[in-house]
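Engineer: have a look; sequence and predicted model below, questions after that.
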Amino acid sequence: MPIVVGYVPSPEGRAALGRAIEEARLRGRRLVVVNASRGDALVDRRHASAGEWESVQQQLSDSGVEFEVTQQIEARDPGDQVLDVAQQTNAELIVIGLRRRTPVGKLIMGSQAQTILLEADCPVLAVKAATS
Amino acid sequence: MDGINSLIEGFGTALTPINLLYAFLGVLLGTAIGVLPGIGPAMTIALLLPLTYTLEPTQAFIMFAGIYYGGMYGGSTTSILLNTPGESASVITAIEGNLMAKKGRAAAALATAAIGSFIAGTIGTLGLALLAPVIVKLAVQMGAPDYFAVMVLAFIAVTTVLGSSKVRGLASLGIGLLIGLVGIDPTSGQQRLTLGIPELADGIDVVVVAVGLFAVGEALWVAAHLRRSPLEIVKFDGASMNRKDWSRSWKPWLRGTAIGFPFGAVPAGGAEIPTFLSYAMEKKLTKHPEEFGKGAIEGVAGPEATNNASAAGGLVPLLTLGIPTTATAAIMLGAFQSYGIQPGPRLLDTQPELVWGLIASLFIGNTILLALNLPLAGVWAKLLRIPRPYLYAGILFFASIGAYAANNSTFDLWLLIIIGALGFFMRRYGLPVVPAIIAIILGPVAEEQMRRALQISNGELSGLYNTAFSQVVYVVIALLLVVPPVVRAVRKRRGGDSDNGPHGLVVDDQPLHAHANQEGL
């Protein structure tokens, strides 16, 4: 029963990762970090670059929790990809980062967070970036 | 000084609000498509060709020229920030530009590219204004055999100089000439290659061919290679240069202009070779040789100035002889033909308002481009985040509308799909698209000149080479075919130092972005 975290290279994503590490330590569970992209745009802000992905793994091994990382490019929305990983690993909790979105922005672009919140079979912990 | 007077009148045409608007639209669109790899000015102008049914020629060409220039600016942004050339002319820029960006000098690289493009574009356009009337005076004396010789030179240059394989270039040229032959023979009135299909008797519309090869072919290619790791974009803020950058940039700008303009003006296959030459020259002349290969500003300033100067140079043969040297110029020639205007030495006399308005609008467009690109580079880079399915769905939509509007017949839509499939397989098997498109548009014109020359000489073959000018051109063609293999053979015997030059870098770069380079300019 691992904890799944959807990682995005942004303040929200890093907040989610930090919180997920805490939860994993607290509950003594394995942590699965997912970085998903549709891979159909030339540049995708959600995709962690090699350097960033390395520093994430560094942070994870420093934290001492048992972890697993997966970076995937599939023809589905990143939200669905995170849900799939959660289902396959029979996750106990999904941790995601939330950012402020305008209603119009959500209408046009959709919201990965909303997909995960509505469709997950397990509890979802949504974290906001620290405001400073 | 006719040129200057006519140019001032041209500004009168270009500065009307409606023409300014089209110039602005053109450069805006040009920059946007320049930023996006795989979509170039040739494809965009092809997609917009149906506009020629409703727009005044002056306005249409002002917009097309804006797209042509704008594409050169936009291409450098992608090269520098993403290490993927947005245009084939920006391949060289990517070498030093991306290294500069990775060192945190993206702002300076973007600035030197934009300002260099502006200076080279302005000088190049001035060169066009001064040179065009002179060439026209010489060109009126050219006869049919001379024209035919120059067109053969253009065909040979574009096939042998561009791309890695001459055989593939020739195959592509053959495909283009074949498609250009379809329809009624203008001299004898016989139907050729129509396969008994009545719709083919009028020939294949240039919109259908151009849009099929570029837009549909590219869309199919992208669809087949859609999923890939997103690229890493270098973070940057704005575009600006310090005093040292200025002092290191201005000489490469001027040298780049001097190399690019003549190369654009002769039929030698576009901007790839002069940008490479400019890079090699800057590498040799620089006072900071240690920085080359680590992000030297001269390596961005020179090639970027060169590609804009060659864009200006490329308009010289198009407007004075009616001979395109790049894919974009070929499509613009197609646009002229769809207006029933034949570009050539008489264009300046018959359409002075169009030509000089166009040239004046290039000056204006260049200035707008500088204003658009210096502060807004970051905005343009955001275009790269558009998921490509959205982009190509839009392109296919416009492609279909354009093909249908050509003759209001669904037959053209089938033709579009067939030619699109052809375009896909040409990309798949590494055949460059540029020779095909130039052959399709220039082929029928070349045939007409050849037939005319042969009619004058009563069918004697000597009619094709009985003028001094045509003989000189055929000698040049022979040299073009013979010299490069000889040079290569000699170099190989000396121990092949050709592997470690900057050319090696470019060749390394090509498999990765091979299809982005196919469109040419």
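Structural biologist: Done, it's in.
Engineer: for the host helix or strand of A:V69, give the mean pLDDT please.
Structural biologist: Under the criterion of DSSP states H and E, A:V69 resides in strand A:67-73. Across strand A:67-73, the average pLDDT comes to 91.
Engineer: okay, buried residues for it please.
Structural biologist: Neighbour counts using 16 or more other Cβ atoms under 10 Å in any protein chain shown place A:67, A:71, A:73 of strand A:67-73 among the buried residues. Backbone N, C-alpha and C define where each C-beta goes, glycine included.
Engineer: tell me which strands and helices that strand is in contact with?
Structural biologist: Judged by 3 or more Cβ pairs under 8 Å, 6 or more residues apart in numbering or on different chains; DSSP states H and E, strand A:67-73 is in contact with strand A:31-37, helix A:50-63.
Engineer: try it again at 10 Å.
Structural biologist: Under the contact definition 3 or more Cβ pairs under 10 Å, 6 or more residues apart in numbering or on different chains; DSSP states H and E, strand A:67-73 sits against strand A:3-6, helix A:11-27, strand A:31-37, helix A:50-63, helix A:78-88.
Engineer: contacts for it?
Structural biologist: With Cβ atoms under 10 Å, 6 or more residues apart in numbering or on different chains as the test, strand A:67-73 has contacts from A:2-5, A:7, A:20-21, A:24, A:30-40, A:44, A:47-48, A:50, A:53, A:56-57, A:59-61, A:78, A:81-82, A:84-85, A:89, B:227-230.
Engineer: pretty sure B:R168 is in a helix, no?
Structural biologist: Yes - counting by DSSP: H, G, I helix; E, B strand; the rest coil, one finds B:R168 located in a helix.
Engineer: nearest residue to it other than its sequence neighbours?
Structural biologist: Distance criterion Cβ to Cβ, 6 or more residues apart in numbering or on different chains; nearest residue to B:R168, sequence neighbours excluded, is B:L431 at 4.9 Å.
Engineer: can you check the pLDDT for B:N242?
Structural biologist: For B:N242, the pLDDT comes out at 86.
Engineer: which SS state does the residue nearest to A:K106 when sequence neighbours are not counted fall under?
Structural biologist: The shortest distance from A:K106 to any non-neighbouring residue, by Cβ to Cβ, 6+ apart, is to A:Q114 (7.3 Å). Put simply, A:Q114 is helix when judged by three-state DSSP.
Engineer: so, in contact with chain A or not, the helix or strand encompassing B:V134?
Structural biologist: Secondary-structure assignment from DSSP H and E places B:V134 in helix B:106-139. No - Helix B:106-139 lies out of reach of chain A by Cβ under 10 Å from any Cβ of the partner chain, never closer than 14.3 Å.
Engineer: alpha carbons of the helix or strand just after that helix, as PDB, please.
Structural biologist: Under the assignment DSSP H and E, the closest C-terminal helix or strand after helix B:106-139 is helix B:144-160. Provided in PDB are the C-alpha atoms of helix B:144-160 (Å, rounded to 0.1, in the frame of the first residue of the first chain):
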ATOM      1  CA  ALA B 144      14.900  32.300 -74.200                       C
ATOM      2  CA  PRO B 145      18.100  30.200 -74.200                       C
ATOM      3  CA  ASP B 146      19.500  32.400 -71.500                       C
ATOM      4  CA  TYR B 147      16.500  32.000 -69.300                       C
ATOM      5  CA  PHE B 148      16.400  28.300 -69.800                       C
ATOM      6  CA  ALA B 149      20.100  28.100 -68.800                       C
ATOM      7  CA  VAL B 150      19.600  30.100 -65.600                       C
ATOM      8  CA  MET B 151      16.600  27.900 -64.700                       C
ATOM      9  CA  VAL B 152      18.600  24.800 -65.300                       C
ATOM     10  CA  LEU B 153      21.300  26.300 -63.000                       C
ATOM     11  CA  ALA B 154      18.600  26.900 -60.300                       C
ATOM     12  CA  PHE B 155      17.400  23.300 -60.600                       C
ATOM     13  CA  ILE B 156      21.000  21.900 -60.400                       C
ATOM     14  CA  ALA B 157      22.000  24.200 -57.600                       C
ATOM     15  CA  VAL B 158      19.000  23.400 -55.400                       C
ATOM     16  CA  THR B 159      19.500  19.600 -55.900                       C
ATOM     17  CA  THR B 160      23.200  19.300 -55.500                       C
END
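Engineer: quick check: angle from helix B:144-160 to helix B:106-139?
Structural biologist: Interaxial angle of helix B:144-160 relative to helix B:106-139 (axes from the mean of the first three to the mean of the last three Cα atoms, to 10 degrees): 160 degrees.
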